[in-house]
Each structure stands twice: as structure tokens, then as C-alpha cells.
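# following is a predicted model, sequence given first.
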Amino acid sequence: MTPLPFLLRGLRELGALSLSLEQTLVRDGILTLTDFELAVGERRASVGAQGLRAAVSMLAADRAPLTLGRASDIADAFSAALTAGCPELIDVDVSGEVRRFEQLPRELLLVGRSRHPPGAVASIASLPGVTGVLHRTGRRVIVVFQGHEIDVRVATPDEYGTVLFTTTGPAAHVVEIHRRRGPRMSASEDELYSQAGLTYLPPEVRSAPDAIEAAVRGRVPTFVTRADIRGDLHMHTTFSDGQNSVREMVDSCAALGYEYMAISDHSEHAAASRTLTLDLLERQREEIARLRDEYPRLAILHGIEADILPDGSLDCPDEILASLDVVLASLHERCGHDGKRLTARCLQALRHPLVTIITHPANQLVGRRAGYDMDYAAIYEAAAATGTALEIDGAPGHLDLDGGHAREAVTNGVTVAIDSDCHRARSLERQMQLGIGTARRGWVEPRHVLNTRPLREIRAFVAQKRA
Ligand SMILES: [Zn+2]
Ligand SMILES: [Zn+2]
């Protein structure tokens, strides 16, 4: 029996994490390849060689932080595997921090509903794609899937709401709600909140310190949902660094049932792999004109994502910008500037009459780069005063404005746009969903969002600022 912490310490000292693990361990007499006791955090379990191999390959893998985008991809793939290969499950939900749209989730957690949990656990453990089983009881199994540890709880229908709620967290919220309702099982989260005498709080807002107070006072607004979204105003094509043609993006947006969309490729100055020269912009204009005839039910807006240059001007002449349906502008390049100068550049772009939306305003890169340290109060004030929208960008790398900023923005009267910033057609829906989850973390309601409005109001929003 070799507890994992000891094992790992030994492995690190040996520098053996990237070598053939088993050979090294056996050679040095640290263990034999039978069964091992595995301890991960507070969890301990006996695992076979396969489980150990999986655990170590996981630990030895590049430990880049798990991001929401990556985590939700893995969770979705695993949910699909469960649905296809586990008939004992009635349905399954993603839970934990991923369900709350935390940008850097620390765990992957799913909850399945089943009338016979032990049978469901057994079939989960032997699903195709599961490369290791780290822990298993009659109601819980921790597996390795795509190199990541996934914790699956299985609940009966009458206790499902409680298990989903408890695993969704965060802990302080769970403790407070349980204190209000006493220890009992609920079939649904709706029922659970009503037992606590509260209106339902969606997962995205449960980490807000004032969430319970809002529920107590009956002041939980109706948050924006996917059904409210009428179009997507930010996406890229092969004219800049996108993977798909204009036609493919249009076709996918039509399939999503959007009323409108905007093609918004990178302008000339952008550091993207390819950018729009003015010649290319004209060719794109012609292509869009042709597609408008083919897709009469979808309004295809021609836009651009212009760069805000070091002096605060845009990298595209005004007469060109004025010929487009919508202009997006972004601070892609810090240019060595401090927060004060970045703020000044952003404010100048906000005051530009042709700029409709500032995209991913903080320019954060989830897990890699914090957002710019700008004067956001000044930015919100200027956005509201000038009638410029600030974006909540659903690209998994951006998720910006994030929930906290988004909430501040809408509280200060700013209109937000929730966009996919998509670079490939097949991710349009997924990135819109990530944007919506991020917006909901910011208590964003449909009335705050530009692209919940009909096309004529979008055009009026653009025109009002241009006037
Ligand atoms: Zn951008
Ligand atoms: Zn973009």
C-alpha cells in the first residue's frame, strides 16, 4: 500500500513523472504492480494498475489551468457518452463550478438521475472512453476521461434536486440554504428553494454575496437566456483569422434561427494571422450582398472589428467605417501602456461616433492574462452617455466583460452585447452559450442586451450614435 502523496513525492525526487512510471517504481522497489491505495485530497481508494496509470498520466500532463471552455467541452463529451452508453441514467446534468460558469473551475462534476444508482455506477465505470476508475461506491464514481478526473454522483429521482444543488455550490450558499430548510431531500432545485421560503436562484448567481438577500426580498430578476438572443454581432471568417467562409458562417447563423448577424473581421492593423485590407473589405462587401439575396430571412450586417491604436484613433478611415452597418472596436494591443493610458484610449473610442460596440473591453485571456487595470467606472459612464455597447464576449479565451464587470456595467446604465466572437461556424452556438452564462453571472437581464432587440432597434442604436 503506497499512499499517492508519498508516491508523488518520490516521483518528483526521481524526476520520473515523464518516464515510464511503472518501470521506475518497480525498479526502485517503491511499489509492485498489484493494487494501490490512492489518496487524492481527502479521497482514498484502492485502485488497480489501470487506475494508477491514469492518475499519474493526469498528474504528469501539462497542468495548464482548466478553463471553463475546456471543462465544458469535456463535460459535454462525457455527458454525451453517458447518454449513449448508460441506459440506467434517466438524465444527467453538469454540476459544480462549470454549472456556475466559473472561468477557472477546479473540478469536473456531473450528477445523474437513476432509479438504480449502483447499476448506473457500474455502467459508468465501464463506459468507452473511461481510462481509469479512481474511486467507486454505490452512488459515486470518479473516472478518468480525456485525461481529466470526472466526479459523477448518481441520485434517485426523489433526492436529485438536493444532490444537484449541493454539488453545484458554492459551499457558503449551500450551507445557508440548508440552514433555512432543514435536512430533507428534494426532487428538484425549484422545490428546494421554495422549502427554504425563497425564489429560485440560478447557478450562475449563487456565488454573489447578495444573492440570498435578493431571493428573500423577492428581487431576483429574470436573467437573459438563449431564447432572448436574436442575433450575433461579432464573428470572423477566412477574410481574417476565421476558419470558415462568409457563406458558411451565414449558413450556420441561419440554421441557429437568428434574425440578424454581423460579419466583423479584423482590420488591417490587428495582430491576427490575417487581416482585412481595404481591397478585401470591398470583396467581402460584394460577397455579403450576394448572400443577402440567398438568405432573405436573415439580415447579414457588414461590420468590422477595428483596432484602437496607441493614440486612441481607429485603424480604418472614417469614410470606410461609415459605409459599414456596424463598427466594433477593440484594445487588442496594450502597446506597453498603463491602465491610465489604456483608459484614455478606450474613452476616445467610446466617443467616436462610428463605434457601436467595444469588444472584450478588458482584453483578458482566461487563465493566462488578467484584464486591463482600467478605470472601469469612467468607461461605464462614457459607454452609457455615448450610447455605445460594451461586449460580453463568449470566446472561451475571453469571457469578457466577466460577471463582476458586466454587473457593474448594467447597473450603471450600459447596454451590453453578448457575442460569440466566433472563429469557426461549429462553435457559434457554444460560444454564445458561454457568453450568456457569463452575462447571467453579471445579473444581466434581456432589457440590458443589445442583441435581444429586433433589427430595427439595432439599426436605431447605431444611427442614434452616428447622428
Ligand atoms: Zn477581438
Ligand atoms: Zn473578434
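Nice, thanks for sending it over. Ligands and ions are numbered 1, 2, ... in the order given.
# test my guess that Gly312 contacts Ala349.
Yes. Using CB atoms under 8 Å, Gly312 is in contact with Ala349, at 6.5 Å. Yep, even glycine has a C-beta here, placed from its N, CA and C like the rest.
# in the stretch 151-300 of the chain, what residue comes closest to ligand 1?
His266 (7.2 Å; CB to the ion).
# okay, helices next: where are they in the stretch 301-450 of the chain?
Using DSSP state H, counting those that start in this stretch, the helices of the stretch 301-450 of the chain run over residues 318-322, 339-351, 376-386, 403-411, 428-441.
# okay, now Gly85: neighbour count?
15 (other CB atoms under 10 Å).
# how much space between it and Arg369?
Gly85 is 39 Å from Arg369, where distance means CB to CB, to the nearest Å.
# equivalent analysis for Ser313, please.
The gap separating Ser313 from Arg369 is 24 Å, by CB to CB.
# for the two, indicate the residue with more neighbours.
More neighbours surround Ser313 than the other of Ser313 and Arg369, with 15 against 12 (other CB under 10 Å).
# all strands of this structure, in order?
Counting by DSSP state E, the chain has strands at residues 36-40, 43-47, 89-95, 109-114, 130-136, 140-145, 148-155, 231-232, 260-266, 299-307, 326-330, 357-358, 389-393, 416-419.
# just put those in CSV and tack on mean neighbour count.
As requested, the strands of the chain are arranged in CSV below (neighbours: other CB atoms under 10 Å):
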stretch, mean neighbour count
strand 36-40, 18
strand 43-47, 16
strand 89-95, 20
strand 109-114, 24
strand 130-136, 20
strand 140-145, 22
strand 148-155, 22
strand 231-232, 26
strand 260-266, 27
strand 299-307, 24
strand 326-330, 27
strand 357-358, 26
strand 389-393, 30
strand 416-419, 30
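# so which of those is nearest ligand 2?
Nearest of those (CB to the ion): strand 299-307, 4.7 Å.
# dump the strands of the chain to CSV, plus mean pLDDT and distance to ligand 2.
What follows is the strands of the chain, written out as CSV (pLDDT from 0 to 100; distance: least, CB to the ion, whole Å):
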stretch, mean pLDDT, distance to ligand 2
strand 36-40, 41, 39
strand 43-47, 44, 41
strand 89-95, 96, 27
strand 109-114, 97, 31
strand 130-136, 93, 36
strand 140-145, 95, 31
strand 148-155, 96, 28
strand 231-232, 98, 11
strand 260-266, 97, 7
strand 299-307, 97, 5
strand 326-330, 98, 7
strand 357-358, 98, 11
strand 389-393, 98, 8
strand 416-419, 98, 8
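# list the contacts of Ala75.
When contacts are counted by CB atoms under 8 Å, 6 or more residues apart in numbering, Ala75 touches Val94, Val98, Leu108, Leu110, Ile150.
# 7 Å instead, please
Val94, Val98, Leu108, Leu110 (CB atoms under 7 Å, 6 or more residues apart in numbering).
# ok, the last one touching Gly96?
No. Look at Leu110 against Gly96 with CB atoms under 7 Å: they stay out of range, at 8.3 Å.
# get me the contact residues on the stretch 201-350 of the chain for ligand 1.
For the stretch 201-350 of the chain, the contact set with ligand 1 under CB under 5 Å from the ion comprises Ser330.
# apply 6 Å and report the result again.
Contacts of the stretch 201-350 of the chain with ligand 1, taken as CB under 6 Å from the ion, map to Glu305, Ser330, His332.
# surely the first one meets His360?
No. Using CB under 7 Å, Glu305 makes no contact with His360, being 9.8 Å away.
# so what sits against both of those two?
Common contacts of Glu305 and His360, defined by CB under 7 Å, 6+ apart, comprise Ser330.
# return the member of the residues of the stretch 201-350 of the chain next to ligand 1 nearest to ligand 1.
Proximity of these to ligand 1 (CB to the ion) peaks at Ser330, which lies at 4.5 Å.
# what's the closest non-adjacent residue to that closest one?
Thr359 (4.4 Å; CB to CB, 6 or more residues apart in numbering).
# what number of residues lie near that neighbour?
The tally of other residues near Thr359 (other CB under 10 Å) stands at 26.
# list the contacts of it.
Counting by CB under 7 Å, 6+ apart, Thr359 touches His234, Glu305, Leu328, Ser330, Glu391, Asp393, Asp421.
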